[in-house]
Structures are given as C-alpha cells and as structure tokens.
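S.K.: Could you work out the structure for the sequence below:
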Amino acid sequence: MVAPGIRSFTLFWTLWSSPDADGHGLQAQELPTVELEGARSSDPDRSPLRHQWVQIAGPTAVIRDAGTARPEVDTPSIDEPTTISFRLTVTDSVGATDVNDVTVRVQPK
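M.R.: Now for the predicted structure:
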C-alpha cells in the first residue's frame with residue numbers, strides 16, 4: 001500500500017552473485033611441501049573473498065595458513081604414490097560461498 005499523497009515508489013535491492021572457487025594443486029610432487037593455489041578464485045560482484053582449505057581424503061597432511069589463498073601443505077611420509085584431496089571454500093562479504101576440490105598426487109620422498 002502506498003501512503004496518501006504518494007503516487008508511486010521504487011524499491012531497489014541488489015542481487016548478489018556467488019563467488020567462484022578456483023583451486024589448484026600439483027599433480028606430481030616429490031618435495032616435502034606442496035603449495036595449494038586458490039588465488040584465481042573470484043567474485044562477480046568484486047567482493048573481497050575469504051579462503052579456507054581443509055583436507056578431505058588421504059593420509060593426514062598439515063595445512064599451514066589454511067585461511068589463505070596459497071597455503072603450504074607438509075606432505076606425510078609415504079611408501080608408494082598417494083593421492084591427497086583438499087577442499088577450498090571461498091566466501092564473499094555477504095556470506096555466499098563456493099567450493100572446489102583439489103587432488104594432489106604425492107610421490108614417496
């Protein structure tokens with residue numbers, strides 16, 4: 001209902017787009033440390049992004065600086081080639097999220 005004396009009104013709202021998580025890892029690695037790459041993640045609204053990495057499969061690895069776009073991962077000691085999987089979640093300033101899973105193939109040291 002419009003108040004008396006007002007003929008029309010306009011309602012504005014902003015439709016926020018979800019961010020795009022873009023994570024990468026090395027597929028073959030012989031080093032004790034692997035760098036994950038999530039800096040190519042983006043938001044169509046150009047909102048600042050928060051990055052969060054977690055391990056989702058494989059032998060336990062230590063993620064250093066898991067809340068950054070490019071964390072380092074200390075790979076475990078293994079006896080045979082092994083796959084370790086990680087999930088990158090990016091969140092924009094309004095709470096919209098996107099995820100991307102990254103697989104790293106680790107070779108014995």
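S.K.: Any buried residues in the host helix or strand of W53, and which?
M.R.: According to DSSP states H and E, W53 maps onto strand 50-57. Under the neighbour-count criterion of 16 or more other C-beta atoms under 10 Å, strand 50-57 has H51, Q52, W53, Q55 buried. Heads up, the C-betas are built off the backbone N, CA and C, glycines and all.
S.K.: who does the last one bridge with?
M.R.: Read it as Q55. Q55 forms beta bridges with F86, as assigned by DSSP bridges.
S.K.: how close does it sit to P76?
M.R.: Counting by C-beta to C-beta, to the nearest Å, the gap from Q55 to P76 is 11 Å.
S.K.: quick revisit: ok, so of the buried residues of strand 50-57, who is nearest V99?
M.R.: In terms of C-beta to C-beta, no member of these lies closer to V99 than Q52, at 9.5 Å.
S.K.: And the pLDDT for the closest residue to that closest one other than its chain neighbours?
M.R.: Spatially, and ignoring its direct neighbours in sequence, Q52 is nearest to T89 (4.8 Å; C-beta to C-beta, 6 or more residues apart in numbering). For T89, the model assigns a pLDDT of 93.
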